[in-house]
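*Asks:* coordinates only, sequence not included:
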């Protein structure tokens, strides 16, 4: 008996050492990059702007807030407080933060705070058990896409920090905890719009149809009220938002641009045709025998949260790469499913390929930039890398949507009044 206890303690200590090693290596990577700013050129390539490094986006956000409080017309005239003298292209909702006393002096401490929250929050969630999971977690958390969000102090790391808390409250499945989660989503959604997609979490395995109906009605009402009061501003800002371009972007519209489709009708027809074609890839996942093993509800919620935001952003518009930060929400569930012995070999392969796809999408363009930095001319591959990445992103969106459908299937059947699908593990 004592021998068994010693073996278990040794195994737990070994897992603890591996986890601490990952934490140390990730933190060391971030510190090293910020201590030696010139190294950013090798990590994020031309999107690094040394003259306004670090935290350009955080400085820009706070510059508009401070300028508005000073009476400047930040929407129609270049803001002298902004590092690049830009005009504001963000919702007026965020300007109210000026009443909290926020200004440019807070750019560095706020950026550091949210970077720390992102890094430690993600590491706490993922908790890899094997060496290959540690490598995958490191490649994701220290990927150029995520590091770009950190280097810019982008709004997405702030939204990431708030949404990080949502599944924690939802897992308690109480009225007060659900209300806090609802408020967190409602608080950050007007700042960028896409967090509204997180309301889908309230459809996931509530205790009864009444709860599902209540929270979905509340979600639809919140979105409707927001649109009613801000639709003119949304239309105004839509024409002002700069369109991302180049290898460091992702989104469904990139394929249309590549094919030369500019009018809405060819785009819509192409979208329907391609989505139908790619759904055949996902059909085996939606088969009635495809059942994901039961894991912690919190991990499922993180996965649904990541899928909802990524799918919403992918189809709504083209996005800069830092929005891939929400791929980090997918890893806790992906790793948990792989650790479950009840998972089918088919689903295991799908999940492994999903992890590979995420990491590949995050790293492909930056490997290209790196080779350019070391004076190896791979410019002839530019277009092919662009096409390849678009195809991989479409494939990833299809697969994670199918996996999310398997998670939501019991709730959907419950709403339809049908017998719930039995889970593989209780």
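*Replies:* Cool, the structure landed. These numbers were taken from a predicted model, which means no experiment stands behind them. Numbering: from 1, shown residues only.

*Asks:* and the helices in the stretch 51-200 of the chain?
*Replies:* 56-69, 107-126, 131-141, 144-152, 155-163, 166-170, 175-192 (DSSP state H, counting those that start in this stretch).

*Asks:* give me the neighbour count for residue 236.
*Replies:* Residues near residue 236, counting by other Cβ atoms under 10 Å, number 14. Quick note: C-beta positions are derived from backbone N, CA and C, even for glycine.

*Asks:* in which helix or strand does it reside?
*Replies:* Per DSSP states H and E, residue 236 falls inside helix 209-238.

*Asks:* one step back: closest one to residue 330 among the helices of the stretch 51-200 of the chain?
*Replies:* Nearest to residue 330 among those is helix 131-141 (9.0 Å), distances taken as Cβ to Cβ.

*Asks:* and the contacts of the closest one?
*Replies:* Here helix 131-141 makes contact (Cβ atoms under 8 Å, 6 or more residues apart in numbering) with 18, 21-22, 25-26, 119, 122-123, 126, 128, 146, 327-328, 331, 335, 338, 355, 358-359, 362-363.

*Asks:* mind checking which of those residues are in helices?
*Replies:* Counting by DSSP state H, the contacts of helix 131-141 place 18, 21-22, 25-26, 119, 122-123, 126, 146, 331, 335, 338, 355, 358-359, 362-363 in helices.

*Asks:* between the helices of the stretch 51-200 of the chain, which one is nearest to residue 293?
*Replies:* Proximity to residue 293 (Cβ to Cβ) singles out helix 131-141 among the helices of the stretch 51-200 of the chain, at 16.8 Å.

*Asks:* and stretch 145-159, how far out from the chain middle?
*Replies:* 11 Å (Cα atoms, centre = their mean, to the nearest Å).

*Asks:* next one: stretch 225-239
*Replies:* 24 Å.

*Asks:* in that stretch, what counts as buried?
*Replies:* Neighbour-count burial for stretch 225-239 flags 226, 230, 237 (criterion: 16 or more other Cβ atoms under 10 Å).

*Asks:* adding pLDDT, write those residues out as JSON lines.
*Replies:* Compiled in JSON lines, these are given as follows (pLDDT from 0 to 100):
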{"residue": "226", "pLDDT": "86"}
{"residue": "230", "pLDDT": "82"}
{"residue": "237", "pLDDT": "77"}
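
*Asks:* and which of the residues you listed is nearest to residue 210?
*Replies:* Nearest to residue 210 out of the buried residues of stretch 225-239 is residue 226 (Cβ to Cβ; 24.7 Å).

*Asks:* please check the ones in helices among the contacts of helix 131-141 and keep the buried ones.
*Replies:* 18, 22, 26, 119, 122-123, 126, 146, 331, 335, 338, 355, 358-359, 362-363.

*Asks:* which residue in these has the weakest pLDDT?
*Replies:* Note: of those, the lowest pLDDT belongs to residue 18, at 76.

*Asks:* my read: that residue touches residue 123, true?
*Replies:* No: Residue 18 lies out of contact with residue 123 (Cβ atoms under 8 Å); the separation is 11.9 Å.

*Asks:* within the helices and strands, which one has residue 348?
*Replies:* Residue 348 belongs to helix 345-373, assigned by DSSP H and E.

*Asks:* so how far is that helix off the chain centroid?
*Replies:* 15 Å.

*Asks:* list the buried ones in the helix or strand following it?
*Replies:* Sequence order places helix 382-415 as the next helix or strand after helix 345-373, per DSSP H and E. Residues of helix 382-415 classed as buried under the neighbour-count rule (16+ other Cβ under 10 Å) are 386, 389-390, 392-404, 406-411, 414.

*Asks:* coming back round to it: can you say which of the helices of the stretch 51-200 of the chain is packed in most?
*Replies:* Of those, the one with the most neighbours on average (mean count of other Cβ atoms under 10 Å) is helix 144-152, at a mean of 26.

*Asks:* what angle do that helix and helix 131-141 make?
*Replies:* Following axes from the mean of the first three to the mean of the last three Cα atoms, to 10 degrees, one obtains 50 degrees for the angle between helix 144-152 and helix 131-141.

*Asks:* give me the residues contacting helix 144-152.
*Replies:* 30, 33, 40, 43-45, 47-48, 53-58, 111, 115, 118, 140, 154, 156-157, 160, 248, 320-322, 324-325, 327-328, 361-363, 365-366.

*Asks:* repeat that with 6 Å
*Replies:* Residues outside helix 144-152 that contact it (Cβ atoms under 6 Å, 6 or more residues apart in numbering): 43-44, 54, 56-57, 115, 156-157, 321-322, 324-325, 362, 366.

*Asks:* relative to helix 155-163, how tilted is that helix?
*Replies:* Interaxial angle of helix 144-152 relative to helix 155-163 (the same axes, to 10 degrees): 100 degrees.

*Asks:* return the distance of helix 144-152 from the chain's centre.
*Replies:* Its chain's C-alpha centre and that of helix 144-152 lie 12 Å apart, by Cα atoms, centre = their mean.

*Asks:* same question, stretch 44-51
*Replies:* Chain-centre distance of stretch 44-51: 22 Å, with Cα atoms, centre = their mean.
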